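> fold the following.
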Amino acid sequence: MKSFGLNAAAVGGTLLLGALVAPASAQELLTNAKLDATSISSQVLATPTSWVVDASRVIAGPFNDGASSEPWCNVLDPGGFGLFFKPFTGGPVNGNVTVKLSQTVAGSAGLPYTLRGWAGAEANYVGLSDPTVQSLMAIEFLDAGNSVISAVTLDLRAAGLGVGAPTPPATGFAYHEFSVAGISPVGTASVRASVSMVDAYANPAGGGQAFVVDAFSLTVPEPASLGLAAIAGLALLPRRR
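Numbering: from 1, shown residues only. From the prediction side, this is the model:
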């Protein structure tokens, strides 16, 4: 399986170019990571259970039809769902639309977090042609007051969104798996995984305009794996003569 995106780690939002020792095992932190359980919450149609969907238009403000769970954008499990972002709900009357899918979990400082997820787009999605329209995947580190301390963000368009044939097992939307990683800074109390469509609008050219996502994973190494990685890292240090 091919994975697009960032393979470097990050500290406080700054990417580290040096290699890290990979841990042997990792703990999944997300609930309903594959987005297959759905329910009505903030949007008029069902969206992934245990996730938050916020939608707003620049002129009209918050609204409830920015995204919906759909079976036709599912990637992994037959009969499941993916999430369909609706760029065509933005326009000159109500303003451009921003939609964010997120889930916040308990976190700790000094740990390497990795977010992976599938994203795809149809050819006329404005986020592929207009650089002011952003498609982002991010890990945000929050303090005890739920304020963001720092974030590591992947620009999906720059990383290959909607380019080439879909990566198997996906079969449409030029779906690929992307990843971003970061080390939680001092003061981290929780960690938020998110994917966002920012300032989108209906493409005047028409045609297929979907931006779709599915099957996320937010992981941190198991405690035993962290110990092994630390030992392996020490073994790589130069010895004094």
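
> what about the helices in the chain?
Along the chain, counting by DSSP state H, helices occupy 126-129, 156-159, 223-236.

> ranking the ones you listed by mean pLDDT, which is last?
Among the helices of the chain, helix 223-236 has the lowest mean pLDDT, at a mean of 49.

> shaky segments in the chain?
1-24, 224-241 (pLDDT under 70).

> swap in 50 and give it another go.
Scanning the chain for pLDDT under 50 picks out 1-2, 6-23, 227-237, 240-241.

> what is the burial count for Val148?
Counted with other CB atoms under 10 Å, the neighbours of Val148 add up to 12. For every residue, glycine as well, the C-beta is placed using N, CA and C.

> any idea how far it lies from Val180?
Counting by CB to CB, to the nearest Å, the gap from Val148 to Val180 is 15 Å.

> which residue is the nearest non-sequential neighbour of Val148?
Among residues not flanking Val148 along the chain, Glu140 sits closest, at 5.1 Å (CB to CB, 6 or more residues apart in numbering).

> contact partners for the one you found?
Going by CB atoms under 8 Å, 6 or more residues apart in numbering, Glu140 touches Val148, Ser150, Ala151, Val191, Arg192, Ser194.

> out of those residues, which are buried?
For those, a burial check counting by 16 or more other CB atoms under 10 Å picks out Ser150, Ala151, Val191, Arg192, Ser194.

> among the residues you listed, which are located in strands?
In this view, those that belong to strands under DSSP state E are Ser150, Ala151, Val191, Arg192, Ser194.

> the fourth one contacts Ser102, correct?
Yes - assessed by CB atoms under 8 Å, Arg192 is found in contact with Ser102 at 5.4 Å.

> which neighbours do those two share?
Common contacts of Arg192 and Ser102, defined by CB under 8 Å, 6+ apart, are absent altogether.

> ok, back up a step: now distance to Asp130 too, for the ones in strands among the buried ones among the contacts of Glu140, in JSON lines please.
JSON lines is the format used below for these (distance: CB to CB, whole Å):
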{"residue": "Ser150", "distance to Asp130": "28"}
{"residue": "Ala151", "distance to Asp130": "23"}
{"residue": "Val191", "distance to Asp130": "31"}
{"residue": "Arg192", "distance to Asp130": "26"}
{"residue": "Ser194", "distance to Asp130": "21"}
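
> what's the closest of these to Pro168?
Ranked by distance to Pro168 (CB to CB), those are led by Ser194 at 26.0 Å.

> next, count neighbours for Pro112.
By other CB under 10 Å, the residues close to Pro112 number 21.

> which one is it nearest to, not counting chain neighbours?
Ile183 (5.1 Å).

> tell me what that neighbour is bridged to.
Val11, Pro112 (DSSP bridges).

> with Trp118 instead?
The partner residues for Trp118, given DSSP bridges, come to Glu177, Asp214.

> next: Val99.
Bridge pairing for Val99 - DSSP bridges - gives Ala55, Met197.

> tell me the contacts of it?
Contact analysis of Val99 by CB under 8 Å, 6+ apart lists Val53, Asp54, Ala55, Gly66, Ala67, Phe85, Lys86, Ser196, Met197, Ala200.

> export these as a markdown table, with columns for neighbour count and distance to Pro166.
Below are the contacts of Val99 laid out as a markdown table (neighbours: other CB atoms under 10 Å; distance: CB to CB, whole Å):
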| residue | neighbour count | distance to Pro166 |
| --- | --- | --- |
| Val53 | 20 | 24 |
| Asp54 | 16 | 28 |
| Ala55 | 24 | 26 |
| Gly66 | 28 | 24 |
| Ala67 | 27 | 21 |
| Phe85 | 31 | 17 |
| Lys86 | 21 | 21 |
| Ser196 | 19 | 22 |
| Met197 | 29 | 19 |
| Ala200 | 30 | 22 |
